[in-house]
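[1] I need the structure of the sequence given here:
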Amino acid sequence: MKIKITNSEEFSRLLETLTNETVTACIHFKLYSDLEAARPDYSVEFNESWTFWWLTFQAHLDTTLFRLCKIYEPHPQSLNLRNLLNIIKENAKFFDEDNFRERLKGNPFVDSLASSFKKPDLIQL
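    Numbering: from 1, shown residues only. The predicted structure is shown next:
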């Protein structure tokens, strides 16, 4: 069963959810990378409480990988990148300028965004 949406609000919620997964993966990977980069300069401090730091490193890496797995999950009922592209393709009407403006009606930059507005290329999708 594919993910079905009936309006642009549902699409916005799906997009926001997938965006949050992606941002969370990025944040945890940045934290992991920054901690790894700090290891040479703070080796004494890390070694004083290595169990804590090892668990912290592992938690950030695990969270990153878990979120990436969710984003790329191939299951047809999950919210993943492939399904998002299919949803966009099947609901191209949500990307008409009127629907675009409706989706961003609270955004103070809606006029400038609409001036450079382009519908998704269905062939490329």
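
[2] Would you mind finding the longest helix in this protein?
    Scanning the chain for the longest helix, with DSSP state H as the assignment, gives helix 8-38.

[3] mind checking how far that one is from the chain centre?
    5 Å (CA atoms, centre = their mean, to the nearest Å).

[4] List the buried residues in that helix.
    By neighbour count on 16 or more other CB atoms under 10 Å, the buried set for helix 8-38 is 8, 11, 14-15, 18, 21, 24-25, 28-29, 31-32, 35. From N, CA and C alone the C-beta is placed, and that goes for glycine too.

[5] nearest to Ser49, of these?
    Checking the buried residues of helix 8-38 against Ser49 with CB to CB, the nearest one is Leu35 at 13.0 Å.

[6] Check the gap between the closest residue to Leu81 other than its chain neighbours and Leu15 for me.
    Leaving aside its sequence neighbours, Leu81 sits nearest to Ile71 (CB to CB, 6 or more residues apart in numbering; 5.9 Å). To Leu15, Ile71 is 13 Å away according to CB to CB, to the nearest Å.

[7] where do the helices sit along the protein?
    Listed in chain order, the helices of the chain (DSSP H) span 8-38, 43-48, 50-72, 81-90, 97-103, 110-115.

[8] For Asp121, find the nearest of those helices.
    Among those, the nearest to Asp121 by CB to CB is helix 81-90 (9.9 Å).

[9] got the angle between that closest one and helix 50-72?
    Going by axes from the mean of the first three to the mean of the last three CA atoms, to 10 degrees, helix 81-90 is angled at 30 degrees with respect to helix 50-72.

[10] low pLDDT regions in the protein?
    1 (pLDDT under 70).

[11] still on that earlier bit, let me have the buried residues of helix 8-38 in a markdown table, extended by distance to Thr56.
    Output for those, formatted as a markdown table (distance: CB to CB, whole Å):
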| residue | distance to Thr56 |
| --- | --- |
| Ser8 | 40 |
| Phe11 | 37 |
| Leu14 | 32 |
| Leu15 | 31 |
| Leu18 | 27 |
| Glu21 | 21 |
| Thr24 | 16 |
| Ala25 | 17 |
| His28 | 11 |
| Phe29 | 14 |
| Leu31 | 9 |
| Tyr32 | 9 |
| Leu35 | 7 |
